[in-house]
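Asker: Pasting the sequence and the predicted coordinates here, then a few questions.
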Amino acid sequence: AYFSVIEKAAFLTNEVNPQNPRLQDWSAIGADLLIVGRYRTIRKSIQIEVRVFDVYWAKQIMGKRALGELKQLRFIIHRIDNEIIKTLTGAPGIFTTKIAFVSNITGHKEIYISDYDGFNIKQITFYKSITLFPRFSPDGKKLLYSTYKSKSTGPVLYLKNLETGAEKLISARNGINIGGSWSPDGKSIAVTLSIRGNPDIYLMDTNGKILKRLTRYWGIDSNPCFSPDGKKIVFVSNRSGSPQIYIHDLETGNEERLTFEGRYNSDPAWSSRNRIAYACMLDGNFDICTINPDGTDMKRLTDSPGNDEAPCWSPDGRYILFTSNRTGRYQLYIMTANGENQTRITSLRGDQTSPCWSP
């Protein structure tokens, strides 16, 4: 999404001096940037050197040297990639981020974590039950999720420290305790509870203490997600008859319906660039759509033969992670914020659902 790579057949030379390349050779074939890299191995270590040149201005704009163990090669490359993106855009890249998702490859719905592109998958929960809705804390060190691990109760809300492995029960109130979403400052959680019989959204602290009841309608209110500034939440409600997307102002309590196209809209996610993605049913299947928080500029990003659901934004707001059964079982896909370059990143047994992107 960042680069359009020039085919090697167009190169005027295949030999490049990493410290002083002939930039006119690259300007002649229409290149804007030249990225040159070299490496050497030292026993079990590797040293990588990368330089980025602005071809138009004929100058080096970045130089980076990294040394590490060969077994860390993938991580080293991703760190360098992040530096390249930061040099060009001013914001860090996504290459060292993680994703969490639910998979039933063991026969049970458990939570797994992997690199952003689906590599290095690691199982996180081992409840042999149903575990849903993983959500990273704003610092990326904790994971919030709901689980049916206790067969005598409904879903309860847990918090897991990803560094120590310690688990903490947050909410096990009567009824459901699902869909926890972190506030941007990491101090509070929005969650759906049915302690009064009807599923409503509540605000609680990270110890599970209820701070405020946010919704009070007869319908089902669920799937809350905070705005980037933490002043609003977007959520799903069937108060109008079918599930639709609404926005709740945390300061005034005012609520407004956001979506009017599609008979079933769910799974809202609010990006750092102030755009809302959601699963929309327009033609019988779910697709991924995006919309502005004021209800304008609704765009349909996918149109596959299957269902595309549960969108989740990358921390920089440039990419969307989602799950789709377009090839049979549900697998994870990544695309750009405008719907281009839809790429499958998992090929596991069973279904991979409910994805979440780390900071």
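Answerer: Cool, the structure landed. Residues are numbered from 1 along each chain as shown.
Asker: What helix or strand is the residue nearest to P134 when sequence neighbours are not counted located in?
Answerer: Of all residues not flanking P134 in the chain, A100 sits nearest, at 3.9 Å (Cβ to Cβ, 6 or more residues apart in numbering). Where C-beta positions appear, they are placed from N, C-alpha and C, glycine not excepted. Element membership for A100 (DSSP states H and E) is strand 98-103.
Asker: May I see the buried residues of that strand?
Answerer: 98-103 (16 or more other Cβ atoms under 10 Å).
Asker: try stretch 172-179
Answerer: Buried residues in stretch 172-179 (16+ other Cβ under 10 Å): 173, 175-179.
Asker: repeat for stretch 130-144
Answerer: Within stretch 130-144, the residues scored as buried using 16+ other Cβ under 10 Å are 131-138, 142-144.
Asker: with those residues in mind, which one is nearest to Q244?
Answerer: Checking these against Q244 by Cβ to Cβ gives F133 as the nearest, at 19.9 Å.
Asker: you'd agree the closest one is up against L143?
Answerer: No - look at F133 against L143 with Cβ atoms under 8 Å: they stay out of range, at 10.3 Å.
Asker: what bits of the chain have low per-residue confidence?
Answerer: The model of the chain has pLDDT under 70 over residues 1, 152.
Asker: Please enumerate the strands of the stretch 201-350 of the chain.
Answerer: 210-213, 221-226, 232-237, 244-249, 255-257, 264-270, 276-281, 286-291, 299-300, 308-313, 319-324, 331-336, 343-344 (DSSP state E, counting those that start in this stretch).
Asker: which one of those lies closest to E163?
Answerer: Nearest to E163, of the strands of the stretch 201-350 of the chain and by Cβ to Cβ, is strand 308-313 at 22.2 Å.
Asker: For the closest residue to G30 other than its chain neighbours, which three-state class applies?
Answerer: Closest residue in space to G30, ignoring its immediate chain neighbours: I6 at 7.0 Å, by Cβ to Cβ, 6+ apart. Secondary structure, DSSP: H, G, I helix; E, B strand; the rest coil: I6 is coil.
Asker: Alpha carbons only: can I get stretch 212-231 in PDB?
Answerer: The C-alpha coordinates for stretch 212-231 follow below in PDB (Å, rounded to 0.1, in the frame of the first residue of the first chain):
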ATOM      1  CA  LYS A 212     -21.900   4.000  35.000                       C
ATOM      2  CA  ARG A 213     -24.700   2.500  33.100                       C
ATOM      3  CA  LEU A 214     -24.600   3.900  29.500                       C
ATOM      4  CA  THR A 215     -27.700   2.500  27.700                       C
ATOM      5  CA  ARG A 216     -31.200   2.000  28.900                       C
ATOM      6  CA  TYR A 217     -33.300   0.600  26.000                       C
ATOM      7  CA  TRP A 218     -35.500  -2.400  25.700                       C
ATOM      8  CA  GLY A 219     -33.400  -3.700  22.800                       C
ATOM      9  CA  ILE A 220     -30.000  -5.500  22.900                       C
ATOM     10  CA  ASP A 221     -27.100  -3.100  23.100                       C
ATOM     11  CA  SER A 222     -23.700  -4.600  22.500                       C
ATOM     12  CA  ASN A 223     -20.200  -4.400  20.700                       C
ATOM     13  CA  PRO A 224     -19.100  -1.100  22.200                       C
ATOM     14  CA  CYS A 225     -15.900   0.600  20.900                       C
ATOM     15  CA  PHE A 226     -14.400   3.900  22.000                       C
ATOM     16  CA  SER A 227     -13.700   6.900  19.800                       C
ATOM     17  CA  PRO A 228     -10.000   7.900  19.500                       C
ATOM     18  CA  ASP A 229     -10.500  10.800  22.000                       C
ATOM     19  CA  GLY A 230     -12.400   8.600  24.500                       C
ATOM     20  CA  LYS A 231     -15.400  10.900  24.500                       C
END
